[in-house]
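Asker: Here is my input, please return the structure:
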Amino acid sequence: MNQKAMYKLSYGLFVLTAKDGNQDNGCIINTAIQAASEPNQMSICVNKANHTHDMIAKTGKFNVSVLSEKAGFDLFTHFGFQSGREVNKFADFAECKRASNGIFYLTAGTNAYMSVTVTKTVDLGSHTMFIGPIEDMEVLSDTPSATYEYYHAHIKPQPKAAAAKPEKNVYRCVICGYEYEGETLPDDYICPLCKHPASDFELIASEPAAPKAQEPVKNVYRCIICGYEYEGESLPDDYICPLCKHPASDFEKVEG
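Answerer: All right, here's what the predicted structure looks like:
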């Protein structure tokens, strides 16, 4: 079974917000859909590890802000790469307003929002599905919605190619045979044995340096959610992305 088939599903991207008492919080999700039209209802699936999940389970209310193609990567890092259990995501965040239900919605990098009251929950294992009627909604801009594919192609920073390791050359003194190893031989180099200058050294092209012990193969595994890269022989089965907290199943090996 090829797990990458799941990547072919089309997703939108949203900021899910909730309020519990004096605490406001939000997280990134890609699982908001219109569940029915009569009455107009929405469903979302939220990872149980998210603090926003617990707030919605307690209060039964949430807002969904639809991210547009103008959303910057900083918006994703702000709401997706840190936990509301540890930081107040709205403490210094000004680009938001409160909807009629008292919960924040985002006013920048979004094109619409919906307010929902939960009437049904379904336990799906790692996630909970929350379903309910849309109580309020507004269009905020005409900018197209950001899809999961658009995020990876145009919003998320592309990984930079690793810098090539400098070549190691061997230079031999023609007077005494002393060998210098390095990328280049300094112009002012003096042989430590016979004290002759760099002009008396020759590059040994046909005699490579003594072989070193073979290093373990280093592979690169990239998180398909946030782009974080893990380097090592293999990716541990229980590995958790340190940025977006997704499991090893959401990493792919970077070829080449």
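Asker: neighbours around the closest residue to residue 20 other than its chain neighbours, how many?
Answerer: With sequence-adjacent residues excluded and distances taken as CB to CB, 6 or more residues apart in numbering, residue 20 is closest to residue 55, at 4.4 Å. In this view, the C-beta of every residue, glycine as well, is placed from N, C-alpha and C. When neighbours are counted by other CB atoms under 10 Å, residue 55 registers 26.
Asker: which residues sit in contact with residue 55?
Answerer: Counting by CB atoms under 8 Å, 6 or more residues apart in numbering, residue 55 touches 18-20, 23, 25.
Asker: ok so it is a strand residue?
Answerer: No: assigned with DSSP: H, G, I helix; E, B strand; the rest coil, residue 55 falls outside any strand and is helix.
Asker: Which other helices and strands does the helix or strand harbouring residue 171 contact?
Answerer: Here residue 171, judged by DSSP states H and E, is contained in strand 169-173. In this structure, strand 169-173 makes packing contacts with strand 179-182, strand 201-203, judged by 3 or more CB pairs under 8 Å, 6 or more residues apart in numbering; DSSP states H and E.
Asker: Export these as CSV, with columns for distance to residue 173.
Answerer: Below are those laid out as CSV (distance: least, CB to CB, whole Å):
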stretch, distance to residue 173
strand 179-182, 8
strand 201-203, 5
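Asker: wait, which of the ones you listed is closest to residue 68?
Answerer: strand 179-182 (52.8 Å; CB to CB).
Asker: Can you report how many residues neighbour residue 21?
Answerer: Residue 21: 8 neighbours (other CB under 10 Å).
Asker: Would you mind measuring from it to residue 84?
Answerer: Distance, residue 21 to residue 84, by CB to CB, to the nearest Å: 13 Å.
Asker: Residue 221 against residue 227, yeah?
Answerer: No: with contacts counted by CB atoms under 8 Å, residue 221 stays clear of residue 227, the gap being 11.5 Å.
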